[in-house]
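Undergrad: Need coordinates for the below:
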Amino acid sequence: MTKGDNTCDVLIVGAGPIGLACAIEARKRNLSHVIIEKGCVVNSIFHYPTNMTFFSTSDRLEIGEVPFISHGNKPTRREALEYYRRVANAWKLNIHTFEKVLDIKGRAGNFTITTTQGHYYAGRVIIAIGYYDNPNRLNIPGENLEKVRHYFTEPHPYAYQKVAVIGAGNSAVDVALELYRVGAEVSMIVRESELKENIKYWVKPDIENRIKEGHIKAYFNSSVKKILKKQIVVQTPGGQIILDNDFVFAMTGYHPDFEFLRKIGVVFQTEEPPTPLFDPQTYQTNRSGIYLAGVVCGGMDTSKYFIENSRQHAELIFNDIEKKQVRVGKH
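TA: Predicted structure coming up:
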């Protein structure tokens, strides 16, 4: 994965699993490629909770015909990191990490891509940026306090603390259970009347029993209105209450970098919620030669696309690229 020439047939923004799948497809079709990644390889997975287990089985996370064998029924974060490194090595993918794409100018066959390290020239560009870097904010007073977290790594630092977990999905449930098991006093603040239906089936009975027993306090049909240094103000069906609080985990989801998409000229089919426009047969955007791949296609609906149902994006994109192929020359 040594950095080489700055000219390629296809430049891919993002080295997540779908970005890697696109680079593999380029290899299969003998097209030169470069992947530009602002963090590390599979950066989002690296930032998942340390003890996270995937919902999917390992075979459904496979790309590039490289087998993914995990020790349990469901692969762990650590196993996934090792697997995707192995994929990158097996296919000799050209990945430039810790480099951010700033802008994309030009037209199909002749794009100039500006990054924090310089310029690249490509015939086609694929945007596979994911969404995990941009948390959905609460937009309430106190959200910027140091005690507020939008990401969770491991529970140990929060043992014996009073912690509020905001959210109703898998992330919120996992955080609440991990914190409870290290002795934190956990309160869940849930806007809905119940937890989401897609809670992992092996976790759902655990969280429901902890709530039923009162070991984890759950406030349904409720929302946090204000975060103070040592308290939070919660609106409940019975009125406002004040809870003593040391830390807040706002597990309210994430969204793609819409500002970047707009900057490079991608238009949106809807603005509320923001959903980028693309051809569902080819995944090409309104800008000829620029494609979307993976979860970025769903806009705010980040549960619509995931690894197992986005892997085929690469093949569809490259079918279209080959039809219109213009190999770039040296600049």
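
Undergrad: residue closest to the middle of the protein?
TA: Closest to where the C-alpha atoms of the chain average out (CA atoms, centre = their mean) is Tyr132, at 3.3 Å.

Undergrad: Need the three-state assignment for the closest residue to that residue other than its chain neighbours.
TA: Among residues not flanking Tyr132 along the chain, Ser44 sits closest, at 3.8 Å (CB to CB, 6 or more residues apart in numbering). In short, each C-beta sits where N, CA and C put it, glycine included. Of the three states, Ser44 takes helix under DSSP: H, G, I helix; E, B strand; the rest coil.

Undergrad: dump the residue contacts of Ser44.
TA: By CB atoms under 8 Å, 6 or more residues apart in numbering, the contact list for Ser44 reads Gly16, Gly130, Tyr131, Tyr132, Asp133.

Undergrad: before we move on, back to that, got the contact list for the residue nearest to the centre of the chain?
TA: Taking CB under 8 Å, 6+ apart as the test, what Tyr132 contacts is Asn43, Ser44, His47, Tyr254.

Undergrad: Could you report the distance from the first one to Phe98?
TA: Read it as Asn43. Asn43 sits 10 Å away from Phe98 when distances are taken as CB to CB, to the nearest Å.

Undergrad: Look at those two and report which has more neighbours.
TA: Between Asn43 and Phe98, counted using other CB atoms under 10 Å, Asn43 has the larger neighbour count: 20 against 12.

Undergrad: what sits against the more buried one?
TA: Residues counted as contacts of Asn43 (CB under 8 Å, 6+ apart) are Ala15, Gly16, Glu37, Tyr132, Asp133.

Undergrad: let's go with 10 Å and repeat that
TA: By CB atoms under 10 Å, 6 or more residues apart in numbering, the residues touching Asn43 are Gly14, Ala15, Gly16, Gly19, Glu37, Thr97, Phe98, Ile129, Gly130, Tyr132, Asp133.

Undergrad: got a pLDDT number for it?
TA: Looking at Asn43, its pLDDT stands at 95.

Undergrad: do the same with the one 4 residues further on
TA: In this prediction, His47 carries a pLDDT score of 92.

Undergrad: gap between it and Arg85?
TA: 16 Å.

Undergrad: quick one, helices of the stretch 151-300 of the chain?
TA: Remark: helices assigned in the stretch 151-300 of the chain by DSSP state H, counting those that start in this stretch are 170-181, 204-213, 258-263.

Undergrad: To clarify, my last question referred to the stretch 1-150 of the chain.
TA: Counting by DSSP H, counting those that start in this stretch, the helices of the stretch 1-150 of the chain are 17-28, 43-46, 77-90.

Undergrad: would you turn those helices into TSV with distance to Ala293?
TA: Shown next, in TSV, are the helices of the stretch 1-150 of the chain (distance: least, CB to CB, whole Å):
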stretch	distance to Ala293
helix 17-28	5
helix 43-46	14
helix 77-90	16
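
Undergrad: and for Asn43 and Phe98, which residues touch both?
TA: Common contacts of Asn43 and Phe98 (CB under 10 Å, 6+ apart): Glu37.

Undergrad: tell me the contacts of Gly39?
TA: So Gly39 contacts Gly14, Ala15, Gly16, Phe46, His47, Thr97, Phe98, Glu99, Lys100, Tyr132, Asp133 (CB under 10 Å, 6+ apart).

Undergrad: and which of those is nearest to Arg77?
TA: Nearest to Arg77 among these, counting by CB to CB, is Phe46 at 8.1 Å.

Undergrad: now that closest one: how far from Gly142?
TA: 29 Å.

Undergrad: which one of these two has more residues nearby?
TA: Neighbour totals were compared for Phe46 and Gly142, and Gly142 leads with 18 against 14 (other CB under 10 Å).
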